[in-house]
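Enquirer: Here is my input; please provide its structure:
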Amino acid sequence: MKSRNRLIRRLALTMAASALAGLPGQIAIAQDKPTSGSIEPDGTVVVPSFRLPPSAYLSEEAKKALPRAPFDQEEPMMRAVAAGQAGALRQKMPQILAPRLATLKEMYKVTTRDAEIAGVPAVYATPAAGVPKANARKILLNLPGGGFVMGVASGTGMIESIPLAGLAGVEIVSITYRQGPEHTYPAATEDVVKVYRELLKTHKPQDVAIFGCSAGGLLTAETMAALIKEKLPLPAATGIFCASADARWGGDSSAFGRPFQALPPREGPRSYFEKADLSDAMVSPIRSPETLKRFPPTLIITATRAFEMSAAVNTHRELVKAGATADLHVWDGLGHAFFYDPALPESREAFDVMTGFFRKHLKLGQ
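Expert: Have a look, this model is predicted:
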């Protein structure tokens, strides 16, 4: 009898809920001026305006560093490309970043020197106290970020390489690969493959790792696809930071990344890819499970307010599904390339994660 009564009550509640669902919203749910978006026939959600407070998981330093007004970091680069001045701005990047690089060198006790490898401009970052004997034959190849426009070894390359060289006690070489709008895909990949071939003359593949942030992260994935195609021995590990193995930069975050910075969405491929098929597995390795399963151990780093976050998370998913070894680290409430700011505790956390990963897979000494 009791179970029957319980069943009757559940049926009554279900029927009441169904009846209320058919009533006008202002009767079914009493609320003042409800705010809602809409959903289009194809499932596209038109999101209503809402407030996005700083994440509760951010450090106090990161909260203070959040912008207080909209600031589009890409705008100067886009203007330079439109005005035909990308090359001139690229040459100024080391000078623009000089104060930050000086701070990093002091923080992490690293020296740098210019070089050239296989005709490609390069800069080495080396621990000032010297490389430990156990790491003497090991090297990391860094592919700088910069939207395939502003990636410079002595600029963004050093922001990525100096902290890691100091923490991991290993030499890192960053290169200035060919970029847009002067060059288009696959120019950058060709440069990296040339440099890698040259490094293999003095280093065993198991003593080499390749990593990059943003454009450099995608280029790292594209380089793996090229090395696999050319049947070259693969490096011991890779790092895809602030990026993915997908040149289409798709997923939810590609839509909300810029709005989360109070900026309008921006669509369209980079000038570097204007002649490329973004669905080609050599451009977007995510498209080929056969390629992904051969990737060396890969570290993926992103953040929840970064436009690449969805593509990065999906890259980790597809790598694991293909049988590759992959680690994913996501920082809440931060944006694209957040570890470029050395003052943030989260930046040091990210470089500590990188250090631990490469120390493990390159078998680095302390």
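
Enquirer: Identify the bridge partners of Ser174.
Expert: Val123, Asn142 (DSSP bridges).

Enquirer: pLDDT weak spots in the stretch 251-366 of the chain?
Expert: Across the stretch 251-366 of the chain, residues meeting the criterion (pLDDT under 70) sit at 268-269.

Enquirer: With adjacent residues omitted, what lies nearest to Ala168?
Expert: Counting by Cβ to Cβ, 6 or more residues apart in numbering, Thr355 is the residue found nearest to Ala168 once chain neighbours are left out, at 4.6 Å. (Each C-beta comes from the backbone N, C-alpha and C, glycine too.)

Enquirer: Please apply the same query to Leu292.
Expert: In space, Leu292 comes closest to Ala322 once its chain neighbours are excluded; the distance is 3.9 Å by Cβ to Cβ, 6+ apart.

Enquirer: got the contact list for Ala102?
Expert: Contact analysis of Ala102 by Cβ atoms under 8 Å, 6 or more residues apart in numbering lists nothing.

Enquirer: Can you say which helix or strand has it in it?
Expert: Remark: Ala102 resides in helix 86-108, with elements defined by DSSP states H and E.

Enquirer: pLDDT averaged over that helix - what is it?
Expert: Helix 86-108 shows a mean pLDDT of 95 in the predicted model.

Enquirer: Ok, stretch 211-222 next?
Expert: Computed over stretch 211-222, the mean pLDDT rounds to 98.

Enquirer: What residues sit buried inside it?
Expert: Residues of stretch 211-222 classed as buried: 211-222 (neighbour count, 16 or more other Cβ atoms under 10 Å).

Enquirer: Repeat that for stretch 78-88.
Expert: Buried residues in stretch 78-88, counted by 16+ other Cβ under 10 Å: 80-81, 86.

Enquirer: And that stretch, how far out from the chain middle?
Expert: Computed by Cα atoms, centre = their mean, to the nearest Å, the separation of stretch 78-88 from the middle of its chain amounts to 23 Å.

Enquirer: just the buried residues of stretch 78-88 now: which is nearest Ser271?
Expert: The nearest member of the buried residues of stretch 78-88 to Ser271, counting by Cβ to Cβ, is Val81 at 5.9 Å.

Enquirer: one step back: and for the residue nearest to Ala168, the neighbour number?
Expert: Thr355 has 19 neighbours, counted by other Cβ atoms under 10 Å.

Enquirer: With the one 5 residues further on instead?
Expert: Counted with other Cβ under 10 Å, the neighbours of Lys360 add up to 14.

Enquirer: give me the element it is part of.
Expert: Counting by DSSP H and E, Lys360 is part of helix 345-361.

Enquirer: could you say what helices and strands that helix packs with?
Expert: Applying 3 or more Cβ pairs under 8 Å, 6 or more residues apart in numbering; DSSP states H and E, one finds that helix 345-361 contacts helix 60-65, helix 156-168, strand 208-213, strand 237-241, strand 298-303, strand 326-331.

Enquirer: so which of those comes closest to Ser253?
Expert: strand 298-303 (8.5 Å).

Enquirer: Check which strands are paired with that closest one and give the direction for each one.
Expert: The pairing partners recorded for strand 298-303 under DSSP bridges are strand 237-241 (parallel), strand 326-331 (parallel).

Enquirer: so Pro94 makes contact with Gly155?
Expert: Yes. With contact defined as Cβ atoms under 8 Å, Pro94 and Gly155 form a contacting pair (4.8 Å).

Enquirer: For the two, work out which one has more neighbours and name it.
Expert: Per other Cβ under 10 Å, whichever of Pro94 and Gly155 has more neighbours is Gly155, with 26 against 17.

Enquirer: quick one: contacts for that one?
Expert: By Cβ under 8 Å, 6+ apart, Gly155 lies in contact with 93-94, 96-97, 144, 146.

Enquirer: again, only using 6 Å
Expert: Gly155 makes contacts with 93-94, 97, as judged by Cβ atoms under 6 Å, 6 or more residues apart in numbering.

Enquirer: can you list those residues in JSON lines and add distance to Ile240?
Expert: Conversion of the contacts of Gly155 to JSON lines gives the following (distance: Cβ to Cβ, whole Å):
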{"residue": "Met93", "distance to Ile240": "22"}
{"residue": "Pro94", "distance to Ile240": "25"}
{"residue": "Leu97", "distance to Ile240": "22"}
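
Enquirer: out of the residues you listed, which one sits closest to Pro181?
Expert: Of these, the one sitting nearest to Pro181 (Cβ to Cβ) turns out to be Met93, at 16.0 Å.

Enquirer: That closest one contacts Ala153, doesn't it?
Expert: No. Met93 is not in contact with Ala153 according to Cβ atoms under 6 Å; the separation is 9.8 Å.

Enquirer: between those two, who's got more neighbours?
Expert: More crowded of Met93 and Ala153, by other Cβ under 10 Å: Ala153, with 27 against 20.

Enquirer: highest average neighbour count across the strands paired with strand 298-303?
Expert: The highest average neighbour count among the strands paired with strand 298-303, using mean count of other Cβ atoms under 10 Å, belongs to strand 237-241 at a mean of 27.

Enquirer: pLDDT of that one, averaged?
Expert: Confidence for strand 237-241, expressed as mean pLDDT, is 98.

Enquirer: Now Pro70: closest residue in space that isn't a chain neighbour?
Expert: Of all residues not flanking Pro70 in the chain, Ala262 sits nearest, at 4.1 Å (Cβ to Cβ, 6+ apart).

Enquirer: ok, now Ala80?
Expert: Once flanking residues are discounted, Ala80 sits nearest to Leu89: 4.3 Å by Cβ to Cβ, 6+ apart.
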